[in-house]
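[1] build the 3D model from these lines:
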Amino acid sequence: MKTDTLIGMLARNAGPAPRGLAARRLSPAAIAGMLLSAGAAIAVFGAIPFGMFATGTPWIKMAYAGALALTAGWLTARQSRPAAAVATPRLAAMAVVTVMLAVGGISFFAAPAGARLEALLGHSWLSCPWNVLALSLPALAASLWAVRGLAPTRPRAAGFAAGLMAGSVGAFGYSLACPEASAAFVAVWYTLGIALTGAVGALLGRKVLRW
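    Numbering: from 1, shown residues only. Got it, this is the predicted structure:
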């Protein structure tokens, strides 16, 4: 059978690709991962005092993690489709991180000189990135499964994007249990935990997302 004939047979009556397929696969993965990470964070570390919600601290954490999860999810959806443009969602994700770093920098330099190191390191800087990574693993597994069912042509890039989304979801869950109150802390150590999850996603994506 000639190649052109085979292609014609496969394409006959195929119709257009379903719209929103990537979102329909990725959204449940992100939601399930967020619920699992929040539940695990509260079960292991305990919930933050309710009074903290009267301050801006938890809202900054959740806004950052939520905005990055949305933009990284957009990037993941694009990376899951052949030849899809990724520049705009990539810039959107970078903009979210840049804004958080700027907020953290302002918070750091606004603190008294003697309190800046404590504001940056808090009480859990050594464990925070690893906690975010650990809490992100369920979302990462679900996200990679969702992307695998699509058509990624750049497995490493798709895995990295899925890892960023999962890391943001894990950071959102961790924010419900993390008592750190400094935006500088969030900008550095939450971002590092999210980046670590992205790196794990890229490493796994090379194998599990390959056709």
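[2] any stretches of this structure with poor pLDDT?
    By pLDDT under 70, the low-scoring segments of the chain are 1-19.
[3] and the residue nearest the centre of it?
    Centroid-nearest residue in the chain: residue 165, 2.2 Å away (criterion: CA atoms, centre = their mean).
[4] that residue and residue 31 touch, don't they?
    No. Residue 165 is beyond contact range of residue 31, at 11.6 Å (criterion: CB atoms under 8 Å). (Each C-beta comes from the backbone N, C-alpha and C, glycine too.)
[5] let's see the helix or strand harbouring residue 167 as PDB, backbone CA atoms only.
    For residue 167, the host element (DSSP states H and E) is helix 155-175. Extracted in PDB, the C-alpha atoms of helix 155-175 (Å, rounded to 0.1, in the frame of the first residue of the first chain):
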ATOM      1  CA  PRO A 155       8.700  15.500  26.100                       C
ATOM      2  CA  ARG A 156      11.200  17.400  28.300                       C
ATOM      3  CA  ALA A 157       9.600  20.800  27.800                       C
ATOM      4  CA  ALA A 158       6.100  19.300  28.300                       C
ATOM      5  CA  GLY A 159       7.300  17.600  31.500                       C
ATOM      6  CA  PHE A 160       8.800  20.800  32.800                       C
ATOM      7  CA  ALA A 161       5.600  22.700  32.200                       C
ATOM      8  CA  ALA A 162       3.600  20.000  33.900                       C
ATOM      9  CA  GLY A 163       6.000  20.100  36.800                       C
ATOM     10  CA  LEU A 164       5.600  23.800  37.100                       C
ATOM     11  CA  MET A 165       1.900  23.400  37.200                       C
ATOM     12  CA  ALA A 166       2.100  20.600  39.800                       C
ATOM     13  CA  GLY A 167       4.600  22.600  41.900                       C
ATOM     14  CA  SER A 168       2.300  25.600  42.000                       C
ATOM     15  CA  VAL A 169      -0.500  23.300  43.000                       C
ATOM     16  CA  GLY A 170       1.600  21.800  45.800                       C
ATOM     17  CA  ALA A 171       2.700  25.300  46.900                       C
ATOM     18  CA  PHE A 172      -1.000  26.300  47.100                       C
ATOM     19  CA  GLY A 173      -1.700  23.400  49.400                       C
ATOM     20  CA  TYR A 174       1.400  24.100  51.500                       C
ATOM     21  CA  SER A 175       0.400  27.700  52.000                       C
END
